[in-house]
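In: any chance you could fold what I've pasted below:
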Amino acid sequence: VQLVESGGDLVQPGGSLRLSCAASGFTFKNYAMGWARQVPGKGLEWVSGIYRDGTTYYVDSVKGRFTISRENAKNTVYLTMNNLKPEDTGVYYCGTARHGRVTLVEEYDEWGQGTQVTVSS
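Out: Numbers count the residues shown, from 1 in each chain. Modelled structure (predicted):
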């Protein structure tokens with residue numbers, strides 16, 4: 001399993017970013033996927049998840065601002081982030097959830113290496 005995140009950057013508050021996660025080494029369409037983030041000194045915080053059928057879930061703090069999507073033909077999952085806030089700063093990781101619930105960090109099987117998102121003026 002290989003997960004490679006990209007798209008992180010420094011952005012001003014109110015700005016937008018789209019993160020991508022390219023997956024390989026497994027049958028992507030059969031897996032639920034998700035995103036989590038981490039700031040220094042804190043644990044991994046679940047952000048969003050998407051099941052095989054396209055059902056999506058979000059942590060309350062990003063509802064209405066973030067959108068998770070998947071493109072099975074490209075083995076890629078995306079996280080589109082709008083109206084970014086300083087508290088969204090962190091390293092964002094994508095993960096696979098073969099059998100677990102996408103809303104629980106501990107039920108994910110694998111995580112990528114992460115991409116840094118910094119929201120600051």
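
In: which positions in stretch 66-82 come out as buried?
Out: Neighbour-count burial for stretch 66-82, counted by 16 or more other C-beta atoms under 10 Å, picks out 66-68, 70, 75-79, 81. All C-beta spots, glycine's among them, are computed from the backbone N, C-alpha and C.

In: also stretch 96-104?
Out: Buried positions in stretch 96-104, judged by neighbour count with 16+ other C-beta under 10 Å: 96-97, 100, 102.

In: which one of those residues is nearest Pro13?
Out: Ranked by distance to Pro13 (C-beta to C-beta), the buried residues of stretch 96-104 are led by Val102 at 28.0 Å.

In: what's the closest non-adjacent residue to the closest one?
Out: Nearest residue to Val102, sequence neighbours excluded (C-beta to C-beta, 6 or more residues apart in numbering): Gly49, at 2.5 Å.

In: for the helix or strand harbouring that neighbour, give the mean pLDDT please.
Out: Taking DSSP states H and E as the criterion, Gly49 maps to strand 45-50. For strand 45-50, mean pLDDT rounds to 97.

In: between the buried residues of stretch 96-104, which sits nearest Ser120?
Out: Nearest to Ser120 among the buried residues of stretch 96-104 is Val102, at 29.3 Å by C-beta to C-beta.

In: that's a strand at Gly54, yeah?
Out: No: remark: Gly54 does not belong to a strand; assigned using DSSP: H, G, I helix; E, B strand; the rest coil, it is coil.

In: got the contact list for Trp46?
Out: Contact analysis of Trp46 by C-beta atoms under 8 Å, 6 or more residues apart in numbering lists 34-36, 59, 103-105.

In: now it: how far from Lys29?
Out: Noted for Trp46: a distance of 22 Å to Lys29, by C-beta to C-beta, to the nearest Å.

In: the residue nearest to the spatial centre of the chain pairs with what?
Out: By C-alpha atoms, centre = their mean, the chain has its centre lying nearest to Trp35, at 2.4 Å. Trp35 has these beta-bridge partners by DSSP bridges: Ser48, Cys94.

In: who touches Val4 in this structure?
Out: Val4 makes contact with 21-23, 112-113 under the criterion C-beta under 8 Å, 6+ apart.

In: restricted to buried residues, select those in ChimeraX.
Out: Of the contacts of Val4, the buried ones go into a single ChimeraX selection, burial set by 16+ other C-beta under 10 Å:
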select :21,22,23,112
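
In: nothing else from me, thank you.
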